[in-house]
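Q: can't give you the sequence, but here's the structure:
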């Protein structure tokens, strides 16, 4: 059952008719879930498996682990994955729309604004049978087009062998101090969906804004292709301080790398790695089974083991990670962030050159 919940802001782009449809769908979901019945009907009549195509920005090893668990629970479904950064996924989807229909069933990637845009363009189906009862409200789209699967904050990370504790920045504002010139690294917002989201959050924050972005550019940060190379650059010491998603720091620290993190005192932007079903999908029942699995206690426990903060509170958190309630989250107007994302990315690119 898809249960409505308040989230950060309303979608201004959807028409009144779409909102009315959403209300009808949510009301219709008052009956008990029929997920098990759907599972029995996903295989074709001649016994062949349903092929479910997932476009995702999840790291390969992590998505493979989730998919293996899902296919063990649902042997009638075979999951095929196309994995790329959010920018590349968007380019592929745009090309497929130009030539015909989107070829994937599920999109599982990065940030809510990406999904807001696809929902407004009619590319996402409203979810019919998704159980959100145990999820935190930040993970649930009130109009029912997508649902978050992880909480992924962006933090300040540092090389613990090269940076003394007394020299650490404590806030985003601190990163503009000239003493950090030449020491910083961050992901490219033109490639990383999380970085693009962050750019818009920072640009529209009254305490940071364009002035902060331009001042950060004066410290000449290295721009890595994405969050993965950013975390490696920090751990390797080439640029010992950086801006990166938190789970990658925990991954590297667990492997023995000299890297640690702090959650800035002026708040952290975060993404929820949403999942949704494309309207053009011919496998919507199987796609919703997949999303329900991502939200299940089993899959959320796997997410915690993969160093993510979960979207439900009954599975704990990764070792050494704070509870979500203990992190100062930046909670911008989601519509503003969505509408301004392209301009924010352009501003960042100009500021860093």
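A: That came in fine, so what should we check first? Worth saying up front: this structure is predicted, and the values here are computed from it rather than measured.
Q: hey, let's count contacts and neighbours off CA atoms from now on
A: Noted.
Q: helices along the stretch 151-300 of the chain, start to end?
A: Taking DSSP state H, counting those that start in this stretch, the helices of the stretch 151-300 of the chain run over residues 193-203, 209-217, 227-236, 246-254, 284-295, 297-305.
Q: tell me the most buried of those?
A: Using mean count of other CA atoms under 10 Å, the stretch among the helices of the stretch 151-300 of the chain with the greatest mean number of neighbours is helix 193-203 (a mean of 27).
Q: please convert the helices of the stretch 151-300 of the chain to a markdown table, extending it with distance to residue 76 and mean pLDDT.
A: Converted to a markdown table, the helices of the stretch 151-300 of the chain look like this (distance: least, CA to CA, whole Å; pLDDT from 0 to 100):
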| stretch | distance to residue 76 | mean pLDDT |
| --- | --- | --- |
| helix 193-203 | 32 | 93 |
| helix 209-217 | 50 | 97 |
| helix 227-236 | 34 | 97 |
| helix 246-254 | 32 | 96 |
| helix 284-295 | 9 | 98 |
| helix 297-305 | 18 | 97 |
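Q: of those helices, which is nearest residue 168?
A: Closest to residue 168 of the helices of the stretch 151-300 of the chain is helix 227-236 (CA to CA; 13.6 Å).
Q: mind checking how far the closest one is from the chain centre?
A: Chain-centre distance of helix 227-236: 19 Å, with CA atoms, centre = their mean, to the nearest Å.
Q: what packs against that helix?
A: Helices and strands touching helix 227-236, by 3 or more CA pairs under 8 Å, 6 or more residues apart in numbering; DSSP states H and E, are strand 152-159, strand 184-187, strand 241-245, helix 246-254.
Q: hmm, 6 Å instead?
A: Judged by 3 or more CA pairs under 6 Å, 6 or more residues apart in numbering; DSSP states H and E, helix 227-236 is in contact with strand 184-187.
Q: nearest to residue 156, out of the helices of the stretch 151-300 of the chain?
A: For residue 156, the closest of the helices of the stretch 151-300 of the chain is helix 246-254, at 8.4 Å, according to CA to CA.
Q: just for the protein, where's the confidence low?
A: In the predicted model of the chain, residues 1-47 satisfy pLDDT under 70.
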